[in-house]
Each structure stands twice: as C-alpha cells, then as structure tokens.
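In: structure for this input, please:
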Amino acid sequence: MKIKQPGPVMVCVTRQKACQRLIKHGAQLAAARDMPLTVVHVARNGEDLLGNVDEGAALDFLFGIAKTYGADMVMLRSDDVAKTLCQYASAHNASVVVLGETREGHTAVKGLMRRLNTRIPGLEIEVVVS
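Out: Okay, here's the model as predicted:
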C-alpha cells in the first residue's frame, strides 16, 4: 500500500516585496512538517508584469526568496484570482495555504478563505498578519 505524501504548503503572493514574510512563514511551516513548499502569484489577464519597474523588481525579488527556501514559484494568469488559486490548490493537493492580511480589512482574504474551504474541505489556511 502506497502512503500518500502530504501536499505542499502553498504561499499566495502579490507583486510586493513585503510578501517575503509570507514565503518565510510558509517555509517555516513546510520545514516543521516536512512538506514541500510552493509560491503562487496570479496576475490578471492583460496585466503588464514587467512594464512597471517596481513590480517587476518585486516579483524578481520574490522569485529569489522562494529559491532561497527551496520553493518553486509559479505565475498564473486569470481574471478570477480566487478561482485560479482554488483550482491550483486543489490540483496540487495543497495541505496548507498561506495568505497575507490585506489593507481592505480582510474582505478579499475572507472571500478567498470561504472559496478554498468550500472547494477543499479540511484545508488548513493561515493568515499572516503584518
């Protein structure tokens, strides 16, 4: 009988260097639980990722941080960010999803958490507060 390996700790990031704290938190969880680590960024369709020097630099910085912790960083495109994150977490059997607190008073995070919990019952979700 084959023992099912735990899915990855999935860290969701935006185009901000401050997301480094999320990757670090995810890396600590992954190391403590002996799980793989993956970092995911979803860009909206039509968004020019490299046209804005600051945002391009931030993504490059986050790629470097992810690599430092031995993680893969995946960039996806979609106009429905929450749906795409749910699909990715489900398809990759994520065990834990790490999200960051938002300036909008958690509305976006709470909506994403509801969608993740509905789609993947039992999924552990951690919200990192700054």
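In: helix, strand or coil for the closest residue to Ile120 other than its chain neighbours?
Out: Of all residues not flanking Ile120 in the chain, Ser90 sits nearest, at 5.5 Å (Cβ to Cβ, 6 or more residues apart in numbering). Using the backbone N, CA and C atoms, a C-beta is placed for each residue, glycine as well. Three-state assignment for Ser90 (DSSP: H, G, I helix; E, B strand; the rest coil): helix.
In: test my guess that Ser90 contacts Thr118.
Out: No: counting by Cβ atoms under 8 Å, Ser90 sits too far from Thr118 to count as a contact (10.9 Å).
In: who has more neighbours, those two?
Out: Set Ser90 next to Thr118 and count neighbours by other Cβ atoms under 10 Å: Ser90 wins out with 14 against 10.
In: tell me which stretches of the protein form strands.
Out: Listed in chain order, the strands of the chain (DSSP state E) span residues 9-13, 37-43, 72-77, 96-100, 124-128.
In: check the residue nearest to Ile120 and give its pLDDT.
Out: Ser90 is assigned a pLDDT of 92 by the prediction.
In: distance of it from Lys83?
Out: 11 Å (Cβ to Cβ, to the nearest Å).
In: what is the longest helix of this protein by residue count?
Out: Of all the segments of type helix in the chain, defined by DSSP state H, the longest one is helix 53-68.
In: what comes into contact with that helix?
Out: 13, 15-17, 19-20, 23-24, 37, 39, 41, 49-50, 72-73, 75 (Cβ atoms under 8 Å, 6 or more residues apart in numbering).
In: may I have the lowest-mean-pLDDT helix or strand in the chain exported as PDB, CA atoms only?
Out: Here the helix or strand of the chain ranked lowest by mean pLDDT, DSSP states H and E is helix 107-119, holding a mean of 84. Extracted C-alpha coordinates of helix 107-119, given in PDB (Å, rounded to 0.1, in the frame of the first residue of the first chain):
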ATOM      1  CA  THR A 107     -12.600  41.200   2.800                       C
ATOM      2  CA  ALA A 108     -10.600  39.700  -0.100                       C
ATOM      3  CA  VAL A 109      -8.900  37.200   2.300                       C
ATOM      4  CA  LYS A 110     -12.200  36.200   3.900                       C
ATOM      5  CA  GLY A 111     -13.700  35.600   0.400                       C
ATOM      6  CA  LEU A 112     -10.800  33.500  -0.700                       C
ATOM      7  CA  MET A 113     -10.800  31.500   2.500                       C
ATOM      8  CA  ARG A 114     -14.500  30.700   2.100                       C
ATOM      9  CA  ARG A 115     -13.900  29.600  -1.500                       C
ATOM     10  CA  LEU A 116     -10.900  27.500  -0.500                       C
ATOM     11  CA  ASN A 117     -12.900  25.900   2.400                       C
ATOM     12  CA  THR A 118     -15.800  25.100   0.100                       C
ATOM     13  CA  ARG A 119     -13.700  23.600  -2.600                       C
END
